[in-house]
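J.: From the sequence below, what's the structure:
(one chain, ligands or ions: 2)
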Amino acid sequence: MDTDMDTKALWLDAGAIEDCVQRHSREDPGRIREVLAKARELHGLAMEDVACLLMLKSPDLREELFATARAVKEEIYGRRIVLFAPLYFSNLCSNECLYCAFRCSNREVTRKALSMEEIAAETRILLKQGHKRLLLVAGEAYPGSGIDYVLDAIDTVYAVQEGGSSIRRINVNLAPLTVEDFRELKEHQIGTFQLFQETYHRPTYAAMHLAGPKKDFDWRASSFDRAMLAGIDDVGMGLLYGLYDWRFETLALFSHIHHLEERFGVGCHTISVPRIEPACGSDVASRPPHALADDDFLTLIATLRLAVPYTGIILSTRESAATRKKALELGVSQISAGSRTNPGGYADDERFEAAQFQLGDHRSLAEVIEDLGRNGYIPSFCTGCYRSGRTGKDFMDLAKPGLIKRKCAPNALSTFEEYLLDYATPAARAVGEDAIALQLQDMDEKVRAISERLLEKVRSGSRDVYC
Ligand code: SAM
Ligand code: SF4
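T.: Numbers count the residues shown, from 1 in each chain. Ligands and ions are numbered 1, 2, ... in the order given. Next up is the predicted model:
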């Protein structure tokens, strides 16, 4: 039986957040420097600290913020960047979200729910490119018997074998579910359940969502409570930047994380930071009411990095390659690559009329990987934690004392080496091997020994090795 807490966002106090924004509306250099010093201790920040950083405007202070974020990012994540691909399996939708091309009244989009054969075909293409982690995405109207279509899609993806490889972790971005449906999702071995609140500002939410089940703000904002009650302890938060004031939204997101920490002992596993992109047939998407400027976007990423240092930050192909490069330095730890946002888009590259929004980065996975390698990053396809059951609080308990990098660093190198041996062009492989060699030099002896052992296993033919 649902309690109020499982269906309502009782933790969201919009008045208190507006007050907090007002209290910090003037930049306070002394206080900002105190917060930056606190952030370097890697224990995260309180709401008032976050508000103070979000108000920062002067270029000098911004540079100090960025330097601190770079240091924290380097300390916790090193040079690792996790890669994944979205798989859009249906664009049927019963909602009317004004910013999205999939909304039900939009006649400019060709509707398509992929069959299981088509989902398998898309998966095969992504496996051939070297992907190991997928994000399944769909509109909110499933053909046939509802959630069963989603569960079948998950089973189908996991069952595909291509060249001796299969998808090792499926995350999902789906509409809110009941506790019972979340339990089913968990039984089908999903990794992270991802859902974006879009906006935490109730009047804006009402103005942007005109029809369908998504109109119910509270049902959406209480989704993670129900997911966690059902045993899904890796949840991915996010919101759509551009609908309302980004400072209010970020503090509300922070309240949401706090609520989960208080109730379940663990906040969110990842935060996504999409900005509204142009979408066919959407005026809101062409002219977002509170468009977030590039400078503020980078301040946001740096602030999140300091506020929740152990939470992954995800950036999708919505952003241009140039913005992604800066965002990676400041805090982003996961990116999608070679993405299509139209169901069947990997098999049929021409069918853009079914796409959800325009992409900012059109490069293939191979191009993104080569570029990351050249910039000294280690692309990672690691799924070690999920496969060892280190999720939710267990993950955070290892992450917070700084122990997780003893796992992540070797696992990143071994999965990158798999990619280089199995999928890379000779040029990309040379760049990648140099990046691995550099990384090994930088490691402490113990972690280097574990890494070398894993690399040796991969080089002598083993696959899917992790610690
Ligand atoms: N239909 C489900 C829902 O709305 O939660 C899940 C899939 S929906 C395609 C995933 C996300 O796409 C939405 O939560 C929204 O934030 C994002 N999105 C929609 N329109 C967008 C646009 N024009 N630009 C960028 N992101 C957009
Ligand atoms: Fe449907 Fe999700 Fe797009 Fe809204 S954001 S129209 S629910 S697919």
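J.: what secondary structure does the residue most central in space within the chain sit in?
T.: Note on the chain: the residue nearest the mean C-alpha position is Ile314, at 3.3 Å, using Cα atoms, centre = their mean. Per DSSP: H, G, I helix; E, B strand; the rest coil, the secondary structure class of Ile314 is strand.
J.: what sits opposite it in the beta ladder?
T.: With DSSP bridges as the criterion, Ile314 is bridged to Ser272, Gln334.
J.: Go ahead and confirm it touches Ile271.
T.: Yes. The pair Ile314 / Ile271 is scored as a contact, 7.0 Å apart, by Cβ atoms under 8 Å. For every residue, glycine as well, the C-beta is placed using N, CA and C.
J.: which strand in this protein runs the most residues?
T.: Ranked by number of residues, the top strand in the chain under DSSP state E is strand 80-90.
J.: In CSV, list the C-alpha atoms belonging to it.
T.: Presented in CSV, the C-alpha positions along strand 80-90 are these (Å, rounded to 0.1, in the frame of the first residue of the first chain):
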residue,chain,number,x,y,z
ARG,A,80,38.3,7.8,-16.9
ILE,A,81,35.1,8.5,-19.0
VAL,A,82,32.4,5.9,-19.2
LEU,A,83,30.7,5.5,-22.6
PHE,A,84,27.2,4.3,-23.4
ALA,A,85,24.7,4.4,-26.3
PRO,A,86,21.0,5.2,-26.0
LEU,A,87,18.6,2.7,-27.7
TYR,A,88,15.3,4.4,-28.5
PHE,A,89,12.9,1.5,-28.9
SER,A,90,9.5,3.3,-29.2
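J.: if you skip the residues just before and after it, what's nearest to Cys100?
T.: Nearest non-adjacent residue to Cys100, counting by Cβ to Cβ, 6 or more residues apart in numbering: Ala279, 6.0 Å away.
J.: Wasn't the one you found part of a helix?
T.: No. If the criterion is three-state DSSP, then Ala279 is coil and not within a helix.
J.: quick one: what helix or strand has Ala16 in it?
T.: Assigned by DSSP states H and E, Ala16 belongs to helix 14-23.
J.: Can you mark which positions in stretch 117-125 are buried?
T.: The neighbour-count check on stretch 117-125 (16 or more other Cβ atoms under 10 Å) flags Glu118, Ile119, Ala120, Ala121, Glu122, Thr123, Arg124, Ile125 as buried.
J.: C-alpha coordinates for that stretch, CSV please?
T.: The C-alpha coordinates for stretch 117-125 follow below in CSV (Å, rounded to 0.1, in the frame of the first residue of the first chain):
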residue,chain,number,x,y,z
GLU,A,117,13.6,-8.5,-34.1
GLU,A,118,14.3,-4.8,-34.7
ILE,A,119,15.5,-4.3,-31.2
ALA,A,120,17.9,-7.2,-31.6
ALA,A,121,19.1,-5.8,-34.9
GLU,A,122,19.9,-2.4,-33.3
THR,A,123,21.7,-4.1,-30.4
ARG,A,124,23.8,-6.1,-32.9
ILE,A,125,24.9,-2.9,-34.6
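J.: what's in contact with that stretch?
T.: Stretch 117-125 has contacts (Cβ atoms under 8 Å, 6 or more residues apart in numbering) with 87, 89, 114, 134, 153, 156-157, 159-160, 162, 167, 343-347.
J.: redo that, cut-off 10 Å
T.: Stretch 117-125 has contacts (Cβ atoms under 10 Å, 6 or more residues apart in numbering) with 85, 87-90, 112-115, 131, 134, 136, 152-163, 166-167, 170, 338, 340, 343-348.
J.: Could you check how many residues crowd around the nearest residue to Pro410 once chain neighbours are set aside?
T.: Spatial nearest neighbour of Pro410, chain neighbours left out: Ser451 (4.1 Å); criterion: Cβ to Cβ, 6+ apart. Neighbours of Ser451 under the rule other Cβ atoms under 10 Å: 23.
J.: now Leu98
T.: Counted with other Cβ under 10 Å, Leu98 comes out at 16.
J.: got it, and Asp28?
T.: Residues lying near Asp28 (other Cβ under 10 Å) number 14.
J.: which residues does it contact?
T.: Glu34, Val35, Cys52, Met55, Leu56, Leu61.
J.: Of those residues, which belong to strands?
T.: Using DSSP E, none of these sit in strands.
J.: Is it possible to mark the buried ones in those residues?
T.: Buried among those by 16+ other Cβ under 10 Å: Val35, Cys52, Met55, Leu56, Leu61.
J.: Pull the contacting residues for the second one.
T.: Shown in contact with Cys52 (Cβ under 10 Å, 6+ apart): 20, 23-24, 27-28, 31-32, 34-36, 45-46, 303.
J.: hmm, which of these are the buried ones?
T.: Neighbour-count burial (16+ other Cβ under 10 Å) applied to the contacts of Cys52 gives Cys20, His24, Ile32, Val35, Leu36, Leu45, Thr303.
J.: Report the two of those separated the most.
T.: Cys20 and Leu36 (18.9 Å; Cβ to Cβ).
J.: what about Leu438, distance to Gly432?
T.: In this structure, Leu438 and Gly432 are 11 Å apart, going by Cβ to Cβ, to the nearest Å.
J.: Please identify which of these two sits among more neighbours.
T.: Ranked by neighbour count (other Cβ under 10 Å), Leu438 and Gly432 place Gly432 first, with 23 against 12.
J.: Which helix or strand contains the more buried one?
T.: Judged by DSSP H and E, Gly432 forms part of helix 426-442.
J.: Can you pull the phi/psi pair for Gly238?
T.: phi 170, psi 170 (degrees, to the nearest 10).
J.: Who is it paired with across the strands?
T.: The partner residues for Gly238, given DSSP bridges, come to Ser272.
J.: what residues are up against it?
T.: 173, 194-198, 253, 268, 270-274, 313-314, 316.
J.: Taking those residues, tell me the two that lie furthest apart.
T.: Going by Cβ to Cβ, the pair spanning the contacts of Gly238 furthest: Glu198 and Ile313, at 18.0 Å.
J.: follow-up on the earlier one: emit the PyMOL select command for whichever of the contacts of Gly238 are buried.
T.: To isolate the buried ones among those in PyMOL, judged by 16+ other Cβ under 10 Å, type:
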select buried, resi 173+194+195+196+197+198+253+268+270+271+272+273+274+313+314+316
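J.: What is the lowest-pLDDT residue among the contacts of Gly238?
T.: On pLDDT alone, Ser316 ranks lowest of the contacts of Gly238, at 79.
J.: Apart from its neighbours in sequence, what residue is nearest it?
T.: Ser336 (4.8 Å).
J.: Residue numbers of the stretch 201-350 of the chain in contact with ligand 1?
T.: Leu240, Pro274, Ile276, Glu277, Ala279, Ala285, Arg318 (Cβ under 6 Å from any ligand atom).
J.: 5 Å - rerun?
T.: The stretch 201-350 of the chain comes close to ligand 1 at residues Leu240, Pro274, Ile276, Glu277, Ala279, Ala285, as judged by Cβ under 5 Å from any ligand atom.
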